[in-house]
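[1] could you work out the structure for the sequence below:
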Amino acid sequence: MLKKKDVVDEADLKRTYQEVVKDMQTTSEKAVSTLQKLAQSVDAKKLFVSVFASMILAPADQIDEMTHGDIPAKLELLAYHLFPFFGVSHEEITPWEINECIAALDILFIRRMQEDMFPTEGEKPQSPMDAIINLLQMQVKVVRGSAYPEQTSAEIMSIQGKFESWFERKLGIGPCRACELIWTIVQRMEEKANEYLPDLINHGKLFERRYREAKERRSKKCASEEDRKLLKIFKDRKSAWSFGFVNLECHLAPIKFPVSFKDLVQLTSTPAKKEWDALLDHIGLTQKICKRMTDPIEVREKPLFILPGKKVLLADVSNTLDVLWDRFESTAKTEQNFYDRYQRRKAKWLEEKIRNSLLSIFPSSNI
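    Take a look at the predicted model:
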């Protein structure tokens, strides 16, 4: 039996709950303010590209779902807050702005997730269904892609690609060509990063060596004023290396990392300019489009980040292919006669897919 002092006071509980909600809102507002101030004090485009590169580039053995699974959603959130400020400032960026930007982004991202756990009305979920809905809303803000990108790409080309010329007439680009361009953009981003990555690593090693030498001179009591400043800034060799790496990345990434139309040289046939423009028009996020958005989740529908000069960055292939599928699907629905043919093709493909899957389990005579 509960004693009197153990009984929860409903008024106190509600007041505490409201204080938690208010604190989260305040923290979110401060994080947004930090991002906006950074975007106005330094070059917002360079800041976006540098943070993008810092977050998305890592050795393959260091990337997993736990460490990088939420990065596409974070980059959408970053784009939502930085794109409107492109061109406001042209000041150069440093590792300090990169770190401050990533820290504010992490805080804002977590707070947005927590908003669904604590409804702003100040009331707890009234039923298990409310809790399930809140959980789904949290997942929607993070999870991207309905399948492995190779699977979605194959589905697009096998179903929608059968009507390549029809979609090309309607949209300026067909499904197969769109997939080809997407994969080429990803490939070129990887190649470009690999081209300048050794320079970043060497620059990091340079700062690490300077730190080590300064520490040795300090132990011998012959450290210079510059040595003392260096040792005051960096707490260890790792932080010195990271600073050197990011310091050069701030200068190289905005120039070398984004992909332009001229970079699409790997394609078996050179794409027409109209195809490139059509792809950007259908799934690209521009500054103008971003300014019309009212919620960061809208950025998910425009996964190809378009920078000034029509250079692009792509954070998540799976979601991009999902958006492509939806774009072609919605276009197919605009003409009923065509949509009937399209549906028959989709049904046939699905039947073949199911049959092939069953063949791996049962004899063909039983299917």
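
[2] for stretch 219-236, which positions count as buried?
    223, 227, 230-231, 234 (16 or more other C-beta atoms under 10 Å). In short, each C-beta sits where N, CA and C put it, glycine included.

[3] switch these over to CSV; also include secondary structure and distance to K256.
    Putting these into CSV (DSSP: H, G, I helix; E, B strand; the rest coil; distance: C-beta to C-beta, whole Å) gives the following:
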residue, secondary structure, distance to K256
A223, coil, 36
D227, helix, 33
L230, helix, 28
L231, helix, 32
F234, coil, 26
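
[4] out of the residues you listed, who's nearest D199?
    Ranked by distance to D199 (C-beta to C-beta), the buried residues of stretch 219-236 are led by F234 at 20.4 Å.

[5] tell me the one of the buried residues of stretch 219-236 nearest I71?
    Using C-beta to C-beta, F234 comes nearest to I71 of the buried residues of stretch 219-236, at 26.2 Å.

[6] where does the stretch 201-350 of the chain have low pLDDT?
    266-268 (pLDDT under 70).

[7] which residue ranges of it form strands?
    With strands called from DSSP state E, counting those that start in this stretch, the stretch 201-350 of the chain shows them at 284-285, 304-307, 311-314.

[8] list the buried ones in stretch 44-60?
    Residues of stretch 44-60 classed as buried: 44-57 (neighbour count, 16+ other C-beta under 10 Å).

[9] oh, that last question was meant for stretch 90-97, not what I typed.
    For stretch 90-97, the neighbour count (16+ other C-beta under 10 Å) marks 93-95, 97 as buried.

[10] equivalent analysis for stretch 309-317, please.
    Those would be 311-317, for stretch 309-317 by 16+ other C-beta under 10 Å.

[11] how about the contacts made by the residue nearest the centre of the chain?
    The residue lying closest to the centre of the chain (C-alpha atoms, centre = their mean) is P72, at 2.4 Å. Neighbour list for P72: 144, 303, 315-316, 319 [criterion: C-beta atoms under 8 Å, 6 or more residues apart in numbering].

[12] same check on L304?
    Per C-beta under 8 Å, 6+ apart, neighbours of L304: 185, 279-280, 283-285, 312-314, 320.

[13] excluding its backbone neighbours, what's nearest it?
    Closest residue to L304 apart from its sequence neighbours, by C-beta to C-beta, 6 or more residues apart in numbering: G284 at 4.5 Å.

[14] if I look at that neighbour, how far off is F83?
    11 Å (C-beta to C-beta, to the nearest Å).

[15] which one of those two is surrounded by more residues?
    Between G284 and F83, counted using other C-beta atoms under 10 Å, F83 has the larger neighbour count: 24 against 18.

[16] can you count the residues close to the closest residue to the more buried one other than its chain neighbours?
    Setting aside the residues directly before and after it, F83 is nearest to C290 in space (C-beta to C-beta, 6+ apart), at 3.9 Å. Using other C-beta under 10 Å, C290 is surrounded by 21 other residues.

[17] same question for S360.
    For S360, the neighbour count with other C-beta under 10 Å is 6.

[18] how close does it get to I354?
    Distance of S360 to I354, computed by C-beta to C-beta: 11 Å.

[19] show me how the chain divides into domains.
    The chain breaks down into these domains under automatic domain parsing: 10-140, 149-330, 335-366.

[20] wait, F261 sits on W276?
    Yes. With contact defined as C-beta atoms under 8 Å, F261 and W276 form a contacting pair (4.9 Å).

[21] quickly list what's touching both of these two.
    By C-beta under 8 Å, 6+ apart, F261 and W276 have no common neighbours.

[22] what about the nearest residue to G174 once chain neighbours are set aside, which SS state?
    Of all residues beyond its chain neighbours, the one nearest G174 is E164 (3.7 Å), with distances taken as C-beta to C-beta, 6+ apart. E164 carries the three-state label helix when classified by DSSP: H, G, I helix; E, B strand; the rest coil.

[23] I'd say E164 and I173 touch.
    No. If you go by C-beta under 8 Å, E164 and I173 don't touch, sitting 9.4 Å apart.

[24] between these two, point out the one with more neighbours.
    Higher neighbour count among E164 and I173: I173, with 27 against 16, using other C-beta under 10 Å.

[25] skipping adjacent residues, who's closest to the more buried one in space?
    Nearest to I173 is A278, by C-beta to C-beta, 6+ apart, at 4.1 Å.

[26] that neighbour against G174, yeah?
    No. Judged on C-beta under 8 Å, A278 makes no contact with G174 at a distance of 9.5 Å.

[27] going by neighbour count, list what's buried in stretch 344-359.
    Buried residues in stretch 344-359, counting neighbours by 16+ other C-beta under 10 Å, are found at 345-346.

[28] how far is it from where the chain is centred?
    Mean-position distance between stretch 344-359 and its chain equals 33 Å (C-alpha atoms, centre = their mean, to the nearest Å).

[29] now swap in stretch 85-95 and tell me
    20 Å.

[30] from I110, how far off is Q287?
    27 Å.

[31] could you do V259 as well?
    31 Å.

[32] cool, E352 as well?
    The gap separating E352 from I110 is 44 Å, by C-beta to C-beta.

[33] what of V246?
    For V246, the distance to I110 - C-beta to C-beta - is 23 Å.

[34] do the same with V299
    Taking C-beta to C-beta, one finds V299 at 18 Å from I110.

[35] what's the answer for D277, then?
    Taking C-beta to C-beta, one finds D277 at 38 Å from I110.

[36] picking up where we left off before, reformat the contacts of P72 as JSON lines; add distance to D295.
    Shown next, in JSON lines, are the contacts of P72 (distance: C-beta to C-beta, whole Å):
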{"residue": "R144", "distance to D295": "16"}
{"residue": "P303", "distance to D295": "16"}
{"residue": "A315", "distance to D295": "18"}
{"residue": "D316", "distance to D295": "18"}
{"residue": "N319", "distance to D295": "16"}
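
[37] I appreciate the help and will end here.
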